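Chemist: no FASTA, just this:
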């Protein structure tokens with residue numbers, strides 16, 4: 001089975017891409033030109049979470065851009081009315097985008113292994129986030145249940161050992 005991309009997380013200086021493989025979730029951390037690959041095996045998954053967040057940094061950045069558009073519209077108001085109207089419309093669209101971002105927010109899926117964590121952000125894609133969450137839970141549950149069944153069958157098949165009685169293990173000490 002080839003790798004299937006599940007999601008990503010982008011920060012200021014790095015990006016993480018999470019893939020599904022046959023045996024594990026693979027995380028490619030990209031910092032500049034360096035790529036580090038980590039894995040969370042399905043049988044090592046301890047916790048899968050799904051929660052929402054509000055993208056405040058993006059909203060602040062868009063607000064700054066909307067402010068620049070608004071200032072440009074005011075500055076060009078008397079000189080070039082069409083350009084001022086364009087900048088005014090751009091500032092209003094930016095403000096509308098902020099309202100949409102903050103009202104709908106984003107979703108975060110976290111897959112916690114024993115040693116590694118995979119984290120994916122889904123901005124305005126709640127359906128995809130739920131799909132990835134259910135898939136991660138199902139893959140981990142199926143693998144861990146299969147391992148538990150195999151362990152139980154091995155324990156049933158193993159011969160039971162009876163401890164030796166204390167009198168036979170001490171031997172004859174009458175020499």
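Modeler: Arrived safely, thanks for sending. These numbers were taken from a predicted model, which means no experiment stands behind them.

Chemist: Which secondary structure elements does the helix or strand harbouring residue 73 sit against?
Modeler: Taking DSSP states H and E as the criterion, residue 73 maps to helix 56-75. Using 3 or more C-beta pairs under 8 Å, 6 or more residues apart in numbering; DSSP states H and E, the elements in contact with helix 56-75 are helix 81-104. C-betas here are computed from N, CA, C, even on glycine.

Chemist: any idea where the strands of this structure begin and end?
Modeler: Counting by DSSP state E, one finds strands in the chain at the ranges 4-10, 15-20, 24-31, 34-41, 47-53, 106-112, 117-123.

Chemist: between these, which gets nearest to residue 76?
Modeler: The minimum distance between residue 76 and these falls on strand 117-123, with 32.4 Å, by C-beta to C-beta.

Chemist: And the contacts of the closest one?
Modeler: 6-10, 16, 18, 25, 27, 38, 40, 53, 55, 58, 101, 106-111, 128-129, 132 (C-beta atoms under 8 Å, 6 or more residues apart in numbering).

Chemist: Got a ChimeraX select line for the buried ones in those?
Modeler: Remark: buried members of the contacts of strand 117-123, expressed as a ChimeraX selection using 16 or more other C-beta atoms under 10 Å:
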select :6,7,8,9,16,18,25,27,38,40,55,101,106,107,108,109,110,111,129,132
